[in-house]
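**Student:** Take this sequence and fold it.
(chains A and B)
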Amino acid sequence: MSDHEQGGEEARAEDERARERVPEGGAVDPSGMGPEVKQSILGRYDVAQKAGGLLAPVLTALLAFFIGGLVVLVTTGSNPLTTYRAIFDGAGFNWFFPWVTGLERANAASNLQQTLILTTTLVLTGLAVAFAFRCGLFNIGGQGQYIVGAVLAVWIGSSFSGMNSLLHILIAAIAGAICGALWAGIAGFLKATVGAHEVISTIMLNWIAIWVGVFLFGLGGPLQNDTQTYVPISNDVVEGARLPVFWGDPELQGLHIGFFVAIGALVVYWLILNRTTLGYGVKAVGFNPEAARYGGINVSRNYFLAMAISGAFAGLAGAVDVLGWQFRLSTNDIQGATIAFVGIAVALLGRNTAIGVALAALLFGGLLTGTSTRNLDPEIFKPELASNLTLLIQGLVVLFVGADVIVLWLLARLHRTKKHARHEAEAQTP
Amino acid sequence: MTSVALPVAARLPRGLRAVAWIGIALGLLGAWIALPPISARSWVWSLVICLIAVMLGIGVIIRGERRFGAYAVASGVLGFALAFSATLSGVGKLETVVVWSALLASTLRYATPLIFAAIGGMFSERSGVVNIGLEGMMLTGAFFGILGADKLGQWYYGLLVAIIAGGLMALLHAVLSINLRADQIVGGTAINFLALGLTGYLFIDIYGQEGTPTDISSIPQVNLGFLDDVPFFGTVFGHLNLMIWVALILIPLAWVILFKTPLGLRTRAVGEHPKAADTVGISVYGVRYGAVVFSGMLAACGGAYLSIGFVNSFNENMTAGRGFIALAAVIFGNWRPFGAAAACLLFGFSSALAQRLPEYSDSAAVLFQALPYVLTLIAVAGVIGRSIPPAAVGRPYKKS
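**Tutor:** Residues are numbered from 1 along each chain as shown, chains lettered A, B, ... in the order given. I've put the predicted structure just below:
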């Protein structure tokens, strides 16, 4: 962080303290946000972001991990630190340590590839939630958008064998993104025209997508595979439509180029929000739709576009997954996939910023990989337990982001103790 | 054609709604005559009856009663579609699939967990707190119900433990959304994640890969012996689970509480206009806490019915979206007890039918599962009358 920014941070903290000093009617506001609480969720997070900067999300994650560790300790008696260390290794993060060599390094590389594959998906599903958030919408339907994207991509990817490889991949991926955009667009359209709450409509769209997907690939379904009529699974994506692997063994799920798609998506996200009129409109509506309307911004149009762009990210995630490493979709995949829900936690922890989403996606990607049955050392901690521990930590992260005032309160306490120390120091040196 | 319907609509003494109801009933009748036991083999009669239903519906819509009129039109159209498809299938097959008594009994079984959660969700939303965590609270109830029944030996202890656990989950949601004024959707999402992780974790930790034992005390059936000789009612109502009866009693009870008691009035006031309620001395926080915790307890009852009343076992994420269907039912039923319960029964019926449809085609049965969600989407889209939520739902209230 540069000096200039640090100065800004100080000034804001000073502002916070100034507000704290004037309690209204004697009541101390537990949030430390002053008497005027902004109603919009985005407004609240904006306050949180300004007050806490990088510290608040880090504190949130630490709190979640701390409580998760307590659960481990209480229920199994294992040392939480050893467990987290095993998860860390399982996620392949030890690859970054130069002293890890030989076979261990090869293992770490393979694990890290797994982590980054999931990070790719999580960045995209996280952006799907984050972009809508910036417009004041809660896109809980990433799941449905992910599924429709995956379904279309797997269909295109498994048909048209013999097409030019690059063209095939592009068509499949773009079609997946468009399909996701349209699916989310339904919710955006309903929000824009009749004001139907996007949370309800996206939840409904999730389940419709799930059942339609199960119908398509299920027994007797129109897109079920041609060879095994008793297995509810799609056809395999043909070789030509698979994303090339640039790190690791393609046979053992190496890291595919979808990783760069995710990085590109992050850049696009940042560009749209910060360098385009569309992004300006979206953010304006997100902060205060009434003021935006008064300012001449077409709120309905922004609602629709924000949902559609969100859906495009999620649809792309589905497409990248099936073209990159899954290569087929079974009805179990469709019903059991939760990756888009993790996207909610990613976006919330990442405070809806591009860099935050990237880091949070890496964290959750590592957690998911590190706790999988395949990667976690079963002697240290039961992987089946650990995968639920991941869910628990996700829940706690969302909980603490939701209860931002708890984190803010902790931060305020930290500030206050610092201030106290300074005051005392000043008092002692007259 | 509407000129026929209009005078009829005008002449009936009990207003437009009565006409709409007749239309709805006619639509159902049109479908029914094509199904066993009558199994009319020609679709002409159904067409005539359903057309009348549609006309009545249109007439009512023109006169201004949009919601019920649309219901009548939908009933007529769907009724004919059902009748037409029934005439295409063989009578033998039809008779194995459409066994009314068994279908209704299983409708009740599927609808019961939904009714508990939906009534709970309705109270929460009526008090102004969106409860998207119903799914998680249900799952909590399902797990702790079976845990309690297993460790304490009796099903009623299990039910009690479930209610306490669900209430605690809801208390967390209440603290988040009432005192901390967190975004209620974020809070609910957190509850869902937490419940999934917590129950999954404890389930593996306690029961491991073998799963729950098979000899757990379960919620008993109510055997009405005297009904056994009555042909139709005996099969439907003779051997229902205790919780199904509780759910059926809960519906009118919830209506009485919500619309006929001071408590219900307060709940609605707090959900519509918290400031006004506060001004007249109602504790907004108190009422909201009560409603949210109550909703968690009821959702947990629904979950406990699933685990120790219906399937007698637990597995990870066993509620599988039922909490969300319940949420849909609350909206579909326009935040009213009978409406929500009717929606639950409709959704339960579609589950029961989906269970039997594989007789025809596996894939069609799967597609049928999406029906409740499509209906709810249409309902929130405002095609059949707008669903109007409580005015203050989702907004934290700040005491001044």
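**Student:** Give me the nearest residue to the spatially most central residue of chain B, chain neighbours excluded.
**Tutor:** In chain B, the C-alpha nearest the mean C-alpha coordinate belongs to residue B:344, at 2.3 Å (Cα atoms, centre = their mean). Closest residue to residue B:344 in three dimensions, ignoring its sequence neighbours and counting by Cβ to Cβ, 6 or more residues apart in numbering or on different chains: residue B:114, at 4.0 Å. Where you see a C-beta, it was placed from the backbone N, CA and C, and this is true even at glycine.
**Student:** from what I can see the one you found touches residue B:302, true?
**Tutor:** Yes: in terms of Cβ atoms under 8 Å, residue B:114 counts as a neighbour of residue B:302; the distance is 7.0 Å.
**Student:** quick revisit: what helix or strand is the residue nearest to residue B:344 on?
**Tutor:** helix B:100-126 (DSSP states H and E).
**Student:** Around chain B, which positions in the stretch 101-250 of chain A sit nearby?
**Tutor:** With the criterion set to Cβ under 8 Å from any Cβ of the partner chain, the stretch 101-250 of chain A comes near chain B through A:138, A:140, A:186, A:190, A:194, A:196-197, A:199-201, A:203-205, A:207-208, A:211-212, A:214-215, A:218-222.
**Student:** Try it again at 10 Å.
**Tutor:** Near chain B, the residues belonging to the stretch 101-250 of chain A are A:138, A:140, A:144, A:186-187, A:189-191, A:193-222, A:224, A:232 when assessed by Cβ under 10 Å from any Cβ of the partner chain.
**Student:** Would you mind giving me the PyMOL syntax to select the buried ones in those residues?
**Tutor:** Entered in PyMOL, the line below selects the buried ones among those, by 16 or more other Cβ atoms under 10 Å in any protein chain shown:
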select buried, chain A and resi 138+140+144+186+187+189+190+191+196+197+198+199+200+201+202+203+204+205+206+207+208+209+210+211+212+213+214+215+216+217+218+219+221+224+232
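**Student:** Show me what the helix or strand where residue B:236 lies is packed up against.
**Tutor:** Assigned by DSSP H and E, residue B:236 belongs to helix B:231-237. Helix B:231-237 makes packing contacts with helix B:100-126, helix B:242-260 when contacts are defined by 3 or more Cβ pairs under 10 Å, 6 or more residues apart in numbering or on different chains; DSSP states H and E.
**Student:** Now do the last one: which elements does it pack against?
**Tutor:** Spelled out, it's helix B:242-260. Contacts defined by 3+ Cβ pairs under 10 Å, 6+ apart place helix B:242-260 against helix B:100-126, helix B:155-174, strand B:221-223, helix B:231-237, strand B:239-241, helix B:262-272, helix B:284-305, helix B:337-356.
**Student:** Those: lowest mean pLDDT?
**Tutor:** Of all the helices and strands packed on helix B:242-260, the minimum mean pLDDT falls on helix B:231-237 (a mean of 75).
**Student:** Check the offset of that helix from the chain's centre.
**Tutor:** The chain centroid and the centroid of helix B:231-237 are separated by 22 Å under Cα atoms, centre = their mean, to the nearest Å.
**Student:** Going by neighbour count, list what's buried in that helix.
**Tutor:** B:234, B:235, B:236, B:237.
**Student:** Tell me if stretch A:84-97 is near chain B.
**Tutor:** No: under the criterion of Cβ under 10 Å from any Cβ, stretch A:84-97 makes no contact with chain B; the nearest approach is 14.4 Å.
**Student:** now the end-to-end length of that stretch.
**Tutor:** Distance between the two ends of stretch A:84-97: 17 Å, counting by Cα to Cα, to the nearest Å.
**Student:** List the buried residues of it.
**Tutor:** Buried, per 16+ other Cβ under 10 Å, within stretch A:84-97: A:84, A:86, A:87, A:89, A:90, A:91, A:92, A:93, A:94, A:95.
**Student:** Tell me the secondary structure at the residue in the stretch 201-350 of chain A that chain B sits nearest to.
**Tutor:** Closest residue of the stretch 201-350 of chain A to chain B, Cβ to the nearest Cβ: residue A:211 (3.8 Å). The three-state assignment at residue A:211 reads helix, by DSSP: H, G, I helix; E, B strand; the rest coil.
**Student:** Residue 140: what secondary structure?
**Tutor:** Went with chain A since none was named. With three-state DSSP as the basis, residue A:140 sits in coil.
**Student:** wrong chain, I was asking about chain B
**Tutor:** Under three-state DSSP, residue B:140 comes out as helix.
**Student:** for residue B:330, same thing?
**Tutor:** Taken by three-state DSSP, the conformation at residue B:330 corresponds to helix.
**Student:** which ones are touching residue A:142?
**Tutor:** A:124-129, A:132, A:180, A:184, A:202, A:206, A:310-311, A:313-315, A:317-318, A:339-344, A:346-347 (Cβ atoms under 10 Å, 6 or more residues apart in numbering or on different chains).
**Student:** how does it look with 7 Å?
**Tutor:** Residues in contact with residue A:142, defined by Cβ atoms under 7 Å, 6 or more residues apart in numbering or on different chains, are A:125, A:128, A:129, A:314, A:340, A:343.
**Student:** which bits of the stretch 301-400 of chain B sit near chain A?
**Tutor:** Residues of the stretch 301-400 of chain B found near chain A (Cβ under 7 Å from any Cβ of the partner chain) are B:321, B:324, B:328, B:331, B:361-363, B:366-367, B:369-370, B:373-374, B:376-377, B:380-382, B:398.
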